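> predicted structure and sequence below. I'll ask about it afterward.
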Amino acid sequence: MALVGCGSAVPAISVSNQQLSERVDTSDEWIRTRTGIGARRICSADEPLTALASRAAQAALEHAGWAAEDLDLILMATSSPDDLFGTAPRVQGAIGARHAVAFDLTAACSGFLFALITAGQYLRSGAMRRALVIGADQLSRWVDWDDRTTCVLFGDGAAAVAVEACPDAQNGLLGFRMHSDGSRNGCLTLAQTDTHTDVLGGVSAQVGGFAPLRMNGQEVYKFAVREVPAVLKELLESTGTPASDLNWLLLHQANQRILDAVADRFAIPHERVLSNLASYGNTSAATIPLMLDEAVKDGRVQPGDLIASSGFGAGLSWGGALLRWAGPQR
């Protein structure tokens, strides 16, 4: 699988820490010191997730030099779809990818990496030739804006990566690891509401709906700083890759302290750690491709660069992938 294009889209509305402090008891210094976040993007009423994801998908197609009809697969990682039956088919229709099968994959903040790995297996098997992997979330609709432990963290966004089948010598997915631990699921949840309605005598049915996002921040932080270095160590050892060979460390953008801790564990200079937390916060499944697109477009990531990436979050789930960026093949 070769990574040959990328694109992103974010809402126009940006909410700064200072603005947020007008609603909840917090401050710019408090948020920046603990998370590295300075602002986050929020979808407006007329800017649904489908629209963002479609813009990101179209941008990735244009970067790769593909027509939408060239696509065989659209795989969308999201935990906040516009439609519980699937948002990927809406994107497929919006961009005119009439030959592509399209479906959603839900793995929260690990979602994009899990989706990229999944797409890679379809391409490697020969069943498909070209795929678009999208990471997109609109968690602003599920955040309790009066809960300062969560509302300061999350933002909305979408990004996509175009990948295609290739000879083994050009493979850009050099190795991967994926893990889940459902026994710790309660640390980070977006659970159904426990509300029922009477249907008829003696029979009741659950009313659909979800409670606001809830997180045990301390436990999630401890989980991340323990498991992310472990999975990356496992990945680098299994592929025979010294950390010194890496051009970039690209982690899920959850907390700057986590990014710095992982870099220090592998003696990777902080200037080689990709981070855009200050501008976007945690956009869940969108963070990794959003950061990749920014770094490709501003020239930091060049064709041939070796990238160690890790996603981690609700589930609890986590994983790692060793990637080589190819760029458009024109």
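Done, it's in.
> residue 60: neighbouring residues, count only.
Counted with other C-beta atoms under 10 Å, residues neighbouring residue 60 total 26. The way it works is simple: take the backbone N, C-alpha and C, and place the C-beta from them, glycine included.
> list the buried residues in whichever helix or strand it is part of.
Assigned by DSSP states H and E, residue 60 belongs to helix 49-64. By neighbour count on 16 or more other C-beta atoms under 10 Å, the buried set for helix 49-64 is 49-61, 63-64.
> which residues of this structure score low on pLDDT?
330 (pLDDT under 70).
> center of it - which residue?
For the chain, residue 285 is the residue whose C-alpha lies nearest the centre (C-alpha atoms, centre = their mean; 2.2 Å).
> tell me where the stretch 101-250 of the chain has strands.
Applying DSSP state E, counting those that start in this stretch to the stretch 101-250 of the chain gives strands spanning 101-105, 130-138, 156-164, 173-180, 188-189, 196-200, 203-206, 214-215, 248-251.
> dump those strands to TSV, plus mean neighbour count and distance to residue 281.
Formatted as TSV, the strands of the stretch 101-250 of the chain follow (neighbours: other C-beta atoms under 10 Å; distance: least, C-beta to C-beta, whole Å):
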stretch	mean neighbour count	distance to residue 281
strand 101-105	19	22
strand 130-138	31	11
strand 156-164	30	9
strand 173-180	18	25
strand 188-189	20	15
strand 196-200	9	35
strand 203-206	10	32
strand 214-215	18	14
strand 248-251	24	14
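> export the ones you listed to a markdown table and append columns for distance to residue 298.
As requested, these are exported to a markdown table (distance: least, C-beta to C-beta, whole Å):
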| stretch | distance to residue 298 |
| --- | --- |
| strand 101-105 | 28 |
| strand 130-138 | 19 |
| strand 156-164 | 14 |
| strand 173-180 | 24 |
| strand 188-189 | 31 |
| strand 196-200 | 52 |
| strand 203-206 | 48 |
| strand 214-215 | 31 |
| strand 248-251 | 13 |
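> closest one to residue 318 among these?
Smallest distance to residue 318 across those (C-beta to C-beta): 5.3 Å, for strand 173-180.
> which strands and helices sit next to that closest one?
Contact here means 3 or more C-beta pairs under 8 Å, 6 or more residues apart in numbering; DSSP states H and E; on that basis strand 173-180 packs against helix 111-125, helix 217-239, strand 317-324.
> format these as JSON lines; extra columns: mean neighbour count and distance to residue 266.
Output for the helices and strands packed on strand 173-180, formatted as JSON lines (neighbours: other C-beta under 10 Å; distance: least, C-beta to C-beta, whole Å):
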{"stretch": "helix 111-125", "mean neighbour count": "23", "distance to residue 266": "18"}
{"stretch": "helix 217-239", "mean neighbour count": "17", "distance to residue 266": "7"}
{"stretch": "strand 317-324", "mean neighbour count": "24", "distance to residue 266": "12"}
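> separation between residue 286 and residue 7?
Distance of residue 286 to residue 7, computed by C-beta to C-beta, to the nearest Å: 12 Å.
> quick one: which of these two has more around it?
Neighbour count, other C-beta under 10 Å: between residue 286 and residue 7, residue 286 has more, with 38 against 26.
> please verify my assumption that that one contacts residue 154.
No - using C-beta atoms under 8 Å, residue 286 is not in contact with residue 154, being 10.8 Å away.
> after the helix holding residue 60, which helix or strand is next?
With secondary structure assigned by DSSP H and E, helix 49-64 is succeeded by strand 73-77.
> mutual contacts of residue 286 and residue 7, please.
Applying C-beta atoms under 8 Å, 6 or more residues apart in numbering, one finds that residue 286 and residue 7 are jointly contacted by residue 159.
> give me phi/psi at the nearest residue to residue 269 once chain neighbours are set aside?
Nearest residue to residue 269, sequence neighbours excluded (C-beta to C-beta, 6 or more residues apart in numbering): residue 263, at 7.4 Å. Here is the backbone geometry of residue 263 (degrees, to the nearest 10): phi -60, psi -40.
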